[in-house]
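Engineer: Only the shape, not the letters, is given here:
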């Protein structure tokens, strides 16, 4: 599988490339997914924990993308007991619409998913919006998990800030700026340009506003759960994460 040779410092050590994002990574959205999440790749779904730098993943808005860097953060049971707002969010199979996610999906509460619905145009000037997982929690199909264990989350840095397909759901990758702010030792391009390109993101409302928007979408389907979301074909994919 081809690897972009303009990246000069792809980590050969399968352990060292996982170290870099720790406490600092917990503060931002940053695409934090549970390590057992299945990620779509050109060869089919693979467990996130098995992916390595230099391999390719599929994205909804950018096509196949190379993994430039992988960050890992761990939060213990004791930390979760002390900080309930940091408890992981579990999105049950089918909670976002038919077949979405394909299996139960566990993410950090601030992790953002791209949800699409025509009604969002009126509020956000975009039919596709990034929602923090905690904003979707309804205590039924989507809920914060009890602090009965610790969790390890992984983050993928790609050449472009893009939408990964995590259990079939459009899910934000790690923005390059957040990785640098967290103090990670990132790969460097031979031409000196930033290794990850960033650009104007999709609308990403704050937690309170995101909760309000989600409640409004669900109210359009009383008694029927969440509205059908994230069903764009590749030809109609959102173009908001660009850079």
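Structural biologist: Cool, the structure landed. Source: prediction; values computed, not measured.
Engineer: tell me which residues in the longest helix anywhere in the chain are buried?
Structural biologist: Across the chain, the longest stretch assigned as helix under DSSP state H is helix 207-219. Within helix 207-219, the residues that count as buried by 16 or more other CB atoms under 10 Å are 209-211, 213-214, 217. Just so you know, the C-beta spots here come from the backbone N, C-alpha and C atoms, and that holds for glycine as well.
Engineer: Kindly reformat the residues you listed as a markdown table containing distance to residue 105.
Structural biologist: Output for the buried residues of helix 207-219, formatted as a markdown table (distance: CB to CB, whole Å):
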| residue | distance to residue 105 |
| --- | --- |
| 209 | 23 |
| 210 | 17 |
| 211 | 19 |
| 213 | 20 |
| 214 | 16 |
| 217 | 18 |
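Engineer: Most widely separated two among the residues you listed?
Structural biologist: Largest separation among those by CB to CB: 209 and 217, giving 12.9 Å.
Engineer: Retrieve the pLDDT associated with residue 58.
Structural biologist: As predicted, residue 58 sits at a pLDDT of 97.
Engineer: what's the neighbour count on it?
Structural biologist: 20 (other CB atoms under 10 Å).
Engineer: Tell me which residues touch it, please.
Structural biologist: 40-42, 64-65, 164-165 (CB atoms under 8 Å, 6 or more residues apart in numbering).
Engineer: Leaving out chain neighbours, which residue sits closest to it?
Structural biologist: Spatial nearest neighbour of residue 58, chain neighbours left out: residue 40 (4.2 Å); criterion: CB to CB, 6 or more residues apart in numbering.
Engineer: would you say that neighbour is within a strand?
Structural biologist: Yes - Residue 40: assigned to a strand according to DSSP: H, G, I helix; E, B strand; the rest coil.
Engineer: Check whether it really touches residue 165, as I assumed.
Structural biologist: Yes - with contact defined as CB atoms under 8 Å, residue 40 reaches residue 165; the gap is 3.7 Å.
Engineer: Over to residue 143: give its phi and psi.
Structural biologist: Torsion angles at residue 143 (phi, psi; degrees, to the nearest 10) stand at phi -150, psi 160.
Engineer: Residue 172 too?
Structural biologist: Listed backbone geometry of residue 172 is phi -60, psi 130, with angles given as degrees, to the nearest 10.
Engineer: number of nearby residues for it?
Structural biologist: 27.
Engineer: I'd say it and residue 31 touch.
Structural biologist: Yes - Residue 172 lies in contact with residue 31 (CB under 8 Å); the separation is 4.9 Å.
Engineer: Give me the common contacts of the two.
Structural biologist: Contacts common to residue 172 and residue 31, judged by CB under 8 Å, 6+ apart, are 111-112, 164.
Engineer: And those residues, which is closest to residue 82?
Structural biologist: Distances from residue 82 to those, taken by CB to CB, are shortest for residue 111, at 20.3 Å.
Engineer: Contacts only, for the closest one.
Structural biologist: 29-33, 89, 132-133, 171-172.
Engineer: And it, how far from residue 105?
Structural biologist: 10 Å (CB to CB, to the nearest Å).
Engineer: Likewise for residue 202?
Structural biologist: Using CB to CB, residue 202 is found at 19 Å from residue 105.
Engineer: Over to residue 53?
Structural biologist: Taking CB to CB, one finds residue 53 at 23 Å from residue 105.
Engineer: Please name every helix or strand in contact with the longest helix of the chain.
Structural biologist: With contacts taken as 3 or more CB pairs under 8 Å, 6 or more residues apart in numbering; DSSP states H and E, helix 207-219 sits against helix 120-124, strand 128-132, helix 133-136.
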